[in-house]
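K.L.:
When you get a sec, could you give me coordinates for this:
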Amino acid sequence: MSGLYVPTQGELNALKYWKSNYFDSVWKGVGKDDRMGYIKRLISDLNAEGRGTQYRWTNGSEYSYLHTHEGNAPVISVDAGNPSIISALHELGHHLFGSDELDACRYAIGLFKAGFPRAFEKLQWKGHLLVRAE
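P.N.:
Model prediction:
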């Protein structure tokens, strides 16, 4: 995919802080609930670096973004049973840039590649999804 999103310095700083305080230090030793909490923190920090507009976070059974009616905060829904940094970044991409799938993908992949270059190298395309190599 060409034309990946180029993170701002503020986003890079937020990624670096999160990675050193959560991912590198405690990620492997905690369960799914804690991982989702850490991902929620990352999304909140990155949103503050982006538009900083309000959204609601819900734990569900899939990753999705719901634009809501006037006066209601949009909803980022995550698959509570499958903590995924790149999927959460994708939904934040929708929050920041709208409903266009390509824009959300460029944002998520650009941030993930910048923050997790070794993990990014291990991913492969499976249809329109970027997944860990089997």
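K.L.:
what helix or strand does Trp57 sit in?
P.N.:
In the assignment (DSSP states H and E), Trp57 maps to strand 56-60.
K.L.:
May I see the buried residues of that strand?
P.N.:
By 16 or more other Cβ atoms under 10 Å, the buried positions in strand 56-60 come out as Trp57. For every residue, glycine as well, the C-beta is placed using N, CA and C.
K.L.:
partners of that strand, with directions?
P.N.:
Using DSSP bridges, strand 56-60 pairs in its sheet with strand 75-79 (parallel).
K.L.:
any weak-confidence spans in the chain?
P.N.:
Scanning the chain for pLDDT under 70 picks out 1-2.
K.L.:
Could you pull out the strands in it for me?
P.N.:
Along the chain, the segments classed as strands by DSSP state E run 56-60, 64-66, 75-79, 123-126, 129-132.
K.L.:
which stretches of the protein form helices?
P.N.:
9-18, 24-26, 32-49, 85-97, 101-115, 117-121 (DSSP state H).
K.L.:
wait, what's in contact with the most centrally placed residue in the chain?
P.N.:
What sits nearest the mean C-alpha location of the chain, by Cα atoms, centre = their mean, is Leu89, with 1.6 Å. Contact analysis of Leu89 by Cβ atoms under 8 Å, 6 or more residues apart in numbering lists 43, 46, 107-108, 111-112.
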